[in-house]
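**Q** sharing a model that was predicted from the sequence below.
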Amino acid sequence: MAFNDLFIEYPNRNAELRSLAKQFLEFGRTVAAEESAALNTGLNEHALTRQRSYIEHATKMVEAFNESPVPDSPATHPVDLPIDFTEQYTTFVEDVNGNEIPLNESTQLLQEQWMFLAVGLAKSQSAAISGSLLEFDYNRAVNNIGVITKLLDELEERPTLDLPETSEPGAKQTTRTRGRK
């Protein structure tokens, strides 16, 4: 499955799960708007701080959601609450002057990991119940948050590279697509 194939509408019956998945989608969407997306690699300190706040929020929300009892709502369940992920992420490849810039693989990877977390919830078995998370869906969400946390830790450890030959305004971009055609 290609990454762009994830941007669809997912069936869902769980209002809280829909809200959480859509927040995670937005956390990934903001990465493209970061100043850091114009860098060759890495994230600046403000982007790292912002992403850390998203991780903290995501962790608290998943924990709270998991601790919620499954609602008993026979009069209103099942209800159709689709999760609309049809608007694709915009990848930052052009500066404000319209010049092509190199793709920042770090911000792209971060976007992808947030999307995987969002889709993991959207496609989970918990999407079929009226509320809360089933144990394996909770464990998967916690694991995926851990993957994003580890990625941020690694990005924080690595310095932003100085690559003047490829970051020159108007420089022709060569895009590597990590296995995609």
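**A** Thanks, I have the structure now.
**Q** next one, pLDDT for the closest residue to residue 142 other than its chain neighbours please.
**A** Leaving aside its sequence neighbours, residue 142 sits nearest to residue 62 (CB to CB, 6 or more residues apart in numbering; 6.4 Å). C-beta coordinates here come from the backbone N, C-alpha and C atoms, glycine included. Looking at residue 62, its pLDDT reads 96.
**Q** and what of residue 57?
**A** Looking at residue 57, its pLDDT is 96.
**Q** the strands in this protein, which residues?
**A** Secondary structure of the chain (DSSP state E): strands at 9-10, 83-84.
**Q** can I get these in CSV including distance to residue 68, mean pLDDT and mean neighbour count?
**A** Output for the strands of the chain, formatted as CSV (distance: least, CB to CB, whole Å; pLDDT from 0 to 100; neighbours: other CB atoms under 10 Å):
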stretch, distance to residue 68, mean pLDDT, mean neighbour count
strand 9-10, 21, 96, 16
strand 83-84, 18, 95, 19
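**Q** and those strands: which comes nearest residue 38?
**A** Among the strands of the chain, strand 83-84 comes nearest to residue 38, with 28.8 Å by CB to CB.
**Q** packing partners for the closest one?
**A** Counting contacts by 3 or more CB pairs under 8 Å, 6 or more residues apart in numbering; DSSP states H and E, strand 83-84 is packed against strand 9-10, helix 15-33.
**Q** could you say which of those is packed most deeply?
**A** helix 15-33 (a mean of 20; mean count of other CB atoms under 10 Å).
**Q** residues contacting that helix, please?
**A** 10, 12, 37, 47, 50-51, 54, 57-58, 61-62, 65, 68, 81-83, 85, 89-92, 107, 110-115, 117-119, 121-122, 124, 126-127, 130-133 (CB atoms under 8 Å, 6 or more residues apart in numbering).
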